[in-house]
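S.K.: Mind looking at a prediction? Sequence and model below.
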Amino acid sequence: VAKILIYGAGAIGSLIGYLLSEGADRPLGSVENVALLGRRVHMERVRERGLKVGLPDGTRSIRFEHCFSNLEELIGSEFTPDVVLVTVRTYSLPQLREEITASGALDGGLGRAAFILLMNGMGNREAFDLPVAVYEGITSMGAVFPGPGQVELRGKGITVFEDRMPANLKAAFQERFLEKDFPVEFSSNFKVQQWGKLLVNSVVNPITALTGRCNGVVLSGSLLATVERVVEECVEVAALEGVHMERDAALDLVLSVAETTAENTSSMLKDVQRGRETEIESINGYVVRQGERHGAIVPVNEALFALVKSLHP
Ligand SMILES: NC(=O)c1ccc[n+]([C@@H]2O[C@H](COP(=O)([O-])OP(=O)(O)OC[C@H]3O[C@@H](n4cnc5c(N)ncnc54)[C@H](OP(=O)(O)O)[C@@H]3O)[C@@H](O)[C@H]2O)c1
C-alpha cells in the first residue's frame with residue numbers, strides 16, 4: 001500500500017487526505033496509509049478528536065495514525081511516504097521548498113518520494129524546483145475549512161492528474177476516488193487542461209476580487225470588452241506555449257463557467273475579504289511572465305495583476 005503524505009492539510013488537503021485513506025470508514029480503526037502535515041491547531045484537534053469531514057450524507061469522523069505539525073515531527077517519525085501531495089496555496093511554495101531543503105529531508109526518506117503539486121495556477125513546478133520527481137494535478141472539488149479539526153465538502157468536481165505519474169500511484173488513487181464516489185482522471189494532455197482552468201481563473205478571479213462581487217459580475221455588459229481582451233491575451237500566450245485554444249470557444253468557456261457559478265464567491269474575492277494574500281502571481285502573474293518571455297503584449301492581464309497586487313501590498 002502506497003504511503004501518502006498530505007503536505008499542507010488545509011481545506012483541499014484535509015479532504016483529499018480523507019479521500020485517499022484506506023479503512024476510513026471502519027468504526028474503530030484509524031487511517032495508517034495517509035499522514036497529514038498541517039498547522040498545529042488543526043493537527044492537534046485531529047489527533048484529539050479525529051478529522052470531521054462534512055459530506056452530503058452527514059459528517060464522518062476519521063482518526064489518523066500520523067499527524068504532524070511541522071516537517072521536523074515527520075522526520076522524527078517512522079512514517080516514510082512514497083508520495084507527497086502538496087496542497088498549500090501557490091504563494092506558500094517557495095517557503096515550503098526552503099524548509100524541505102534546509103531540513104535535509106531529501107537526503108533521507110523524502111528524497112525517494114514522488115511529489116504531486118495539487119493546486120491552482122501555473123508555474124508551480126518551476127517555483128518548487130527540487131531534485132525530486134514532481135507531478136501536477138488540478139481539482140474542481142470545493143472544500144472549506146470551517147475551523148480546526150474540520151473540513152466540509154462543497155462540490156464533487158473532477159480532479160485531474162498527469163498521466164505520466166507512476167502506474168501504481170494512479171491505480172491506488174483511482175481505486176480510492178472511485179470507492180468514495182469522486183471523479184478522477186489521468187490526462188496525457190494535462191497542460192491543455194491546466195490552461196483551460198488558468199483561462200477561467202484569469203478572468204473570474206481578479207474581476208470578482210476587484211469588484212467585490214460574485215462570479216456573475218463577469219457577465220455584465222460593461223465588462224465584456226475587458227473579458228474578451230483577457231481571453232485573447234491568454235489564448236495568444238497559450239499558443240506561444242504550444243497549447244492551441246480557439247478564441248471563441250475560450251470565451252464561451254469563461255462565460256459559461258461565470259453563468260453556472262454566478263452566485264459563488266471566488267477564492268480570490270474571499271482572500272481579499274479576509275485580508276489574505278491571493279494566488280494572483282500564479283494566475284494572471286503567470287500569463288504576464290510567459291507573455292514577457294515570448295515578447296507578447298498582455299496589457300489587460302498586466303493591469304489586473306497590478307491592481308490585485310496593490311490590494312495586498
Ligand atoms: N478549497 C477549495 O475548494 C479549492 C478548490 C480548487 C482548488 N484549490 C486550490 O488548492 C490549493 C489549496 O487551497 P486550500 O483552499 O486547501 O488552501 P488552505 O485551506 O489555505 O490550505 C493550505 C494549508 O496549508 C498550510 N500550510 C502552508 N504552508 C505550510 C507549511 N510550510 N507547513 C504546514 N502547513 C502549511 C496553510 O496554513 P496557513 O494558512 O497558515 O499558511 C493552510 O492551512 C490552492 O492552490 C487552491 O487554489 C482549492
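M.R.: Sure thing, it's come through.
S.K.: check contacts around Gly23.
M.R.: Gly23 makes contact with 29-33 under the criterion CB atoms under 8 Å, 6 or more residues apart in numbering. Any C-beta I mention is one placed from the backbone N, CA and C, and that applies to glycine too.
S.K.: so Gly142 makes contact with Ile158?
M.R.: No: using CB atoms under 8 Å, Gly142 makes no contact with Ile158, being 11.8 Å away.
S.K.: higher neighbour count, the two?
M.R.: Gly142 (17 against 14; other CB atoms under 10 Å).
S.K.: Would you double-check that that one falls in a strand?
M.R.: Yes: checked against DSSP: H, G, I helix; E, B strand; the rest coil, Gly142 lies within a strand.
S.K.: who's in contact with it?
M.R.: By CB under 8 Å, 6+ apart, Gly142 lies in contact with 153-155, 157.
S.K.: circling back to that earlier point, closest one to Pro146 out of the contacts of Gly23, please.
M.R.: Minimum distance to Pro146 across the contacts of Gly23 is 20.7 Å, recorded for Val31 (CB to CB).
S.K.: Look at the closest one and say how many residues are nearby.
M.R.: Neighbour tally, Val31, other CB under 10 Å: 23.
S.K.: now Arg47
M.R.: Arg47 has 18 neighbours, counted by other CB under 10 Å.
S.K.: From the contacts of Gly142, list the buried ones, please.
M.R.: Buried subset of the contacts of Gly142 (neighbour count, 16 or more other CB atoms under 10 Å): Leu153.
S.K.: Which of the contacts of Gly142 fall in strands?
M.R.: Counting by DSSP state E, the part of the contacts of Gly142 found in strands is 153-155, 157.
S.K.: Please convert those residues to CSV, extending it with pLDDT.
M.R.: Below are the ones in strands among the contacts of Gly142 laid out as CSV (pLDDT from 0 to 100):
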residue, pLDDT
Leu153, 97
Arg154, 94
Gly155, 92
Gly157, 94
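S.K.: among those, which are in reach of the ligand?
M.R.: Counting by CB under 6 Å from any ligand atom, the subset of the ones in strands among the contacts of Gly142 that neighbours the ligand is empty.
S.K.: Tell me where the stretch 51-200 of the chain has strands.
M.R.: Secondary structure of the stretch 51-200 of the chain by DSSP state E, counting those that start in this stretch: the strands cover 51-55, 58-62, 64-68, 83-86, 114-118, 133-144, 150-162, 184-187.
S.K.: what's the angle from the third one to strand 51-55?
M.R.: Which is strand 64-68. Computed by axes from the mean of the first three to the mean of the last three CA atoms, to 10 degrees, the angle separating strand 64-68 from strand 51-55 equals 110 degrees.
S.K.: Quick check: residues of the stretch 1-150 of the chain near the ligand?
M.R.: 8, 10-13, 37-39, 87-90, 92, 95-96, 99, 119-120, 139, 141-143, 145.
S.K.: Of the residues you listed, select the buried ones using a ChimeraX command.
M.R.: Here is the ChimeraX command that picks out the buried ones among those, judged by 16+ other CB under 10 Å:
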select :8,10,11,12,13,37,38,87,88,89,90,92,96,119,120,139,141,142,143,145
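S.K.: residue in this protein nearest to the ligand?
M.R.: Scanning the chain for the residue nearest the ligand gives Gly10, at 1.8 Å (criterion: CB to the nearest ligand atom).
S.K.: and that residue, how far is that from Leu85?
M.R.: 12 Å (CB to CB, to the nearest Å).
S.K.: where in this protein is pLDDT low?
M.R.: Residue ranges of the chain with pLDDT under 70: 24-28.
S.K.: Alright, calling it a day.
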